[in-house]
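> for reference, the sequence and a predicted model appear below.
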Amino acid sequence: MIKIKKVLNSSVVLAEDQQGKEFILLGKGIGYGQKNGNVIEEHQTTQMFIPVENVKVKEFLGLLDSISPVFIELTQQIINYAEDKLNTKLNTGVYFTLMDHLNFAVERYKKNINITNRVYWEIKNYYPEEFKIGVFALKIMNEKLGIDLPIEEAANIAFHLINAQGQEKESKDGMRYAKMIGSIVNLARYTFNINMDEENIHYTRFITHIKYFVERFYADKMLDDKDNSLFEQIANLYPNAMSGAFKIKEYIEQVNGKTIPNEELAYLAVHIHRLSNYNQIG
């Protein structure tokens, strides 16, 4: 049994269970006509129960009074769609970060304030599923609100979805990931004069490898078996590709102050070789 502790607006209520644990309940019209102390059965509606434990959730509680219920409904629709397409549960904090972002995006649009997304291309190309969801979100927002938000906004929405995947403690820093991926790809492109054909299987494999490489880098889980035999073999077979891998290593060390093990360099060189061998311009 869950009792209403406070009605925040027509679509959001603060509630508590019999053990005194607080929840935020999201649901269209869930707060309409309700009063403090009323009982809400869990099966009454398609509600979203969010425990009030996360610090971010507590911070966003104060914002709900200033956010129109339409953004709550849009946020639920977008997140339900995203979880279905990505086949994963998103961190509950995204309900508030995304809701606040949508509200602010429309506010900026009405004031004719345009903020450029500096990693639009990277997010569109390296996180295509999240970007497609962002396009879906943009479409329903524009239709629902009668506005015309720019396509760059799809990448902003995708950014929130990228950050919301996985466990709360392992939440991805999408902006940081996208920037490093973009930098590595550009180094490979200009070092070897590569035409990045997005339809080519070697491009797809290269991008997939770089994404996992960056994830391992930031998680401090770099491959390193202390055996240099693979590294030496790849260096002898593909000296040009290994030279490119060293340029990437130097860039990462300069920017992040962390070194890259030889085993990681070996795999980088293999993928660079495949990509450059089949995609050189001219």
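The structure has been received and is ready for your questions.

> which strand of this structure spans the most residues?
strand 2-9 (DSSP state E).

> show me where the stretch 1-150 of the chain has its helices.
55-61, 69-86, 94-110, 120-126, 128-145 (DSSP state H, counting those that start in this stretch).

> which one of the ones you listed lies closest to residue 277?
Residue 277 sits nearest to helix 120-126 of all these, at 21.2 Å, using C-beta to C-beta. (Glycine included, C-beta is placed from N, CA and C.)

> who touches the closest one?
117, 130-131, 152, 154-155, 158-159, 162, 174, 178-179, 181-182, 198, 207, 211 (C-beta atoms under 8 Å, 6 or more residues apart in numbering).

> how about 6 Å then?
Contacting residues not belonging to helix 120-126 are listed as 131, 152, 155, 158, 178, 181, 182 [C-beta atoms under 6 Å, 6 or more residues apart in numbering].

> residue 262: which of these is nearest?
residue 181 (21.5 Å).

> the closest one: what's it in contact with?
122, 126, 210, 214.

> which of those residues sits closest to residue 25?
residue 126 (35.6 Å).

> tell me the spacing between the residue nearest the centre of the chain and residue 11.
Note on the chain: the residue nearest the mean C-alpha position is residue 162, at 1.2 Å, using C-alpha atoms, centre = their mean. Noted for residue 162: a distance of 26 Å to residue 11, by C-beta to C-beta, to the nearest Å.

> repeat that for residue 5.
16 Å.

> so these two - more neighbours on which side?
residue 11 (23 against 16; other C-beta atoms under 10 Å).

> residue contacts, that one?
28, 69, 72.

> hmm, which of these is lowest in pLDDT?
Lowest pLDDT within these is found at residue 28 (71).

> which residues touch it?
11, 73.

> the one 3 residues further on now?
Residue 31 makes contacts with 7, 9, 10, 13, as judged by C-beta under 6 Å, 6+ apart.

> okay, and the beta partners of the last one?
So the one you mean is residue 13. Beta-bridge pairing for residue 13 (DSSP bridges): residue 7, residue 25.

> count of residues packed around it?
Neighbour tally, residue 13, other C-beta under 10 Å: 26.
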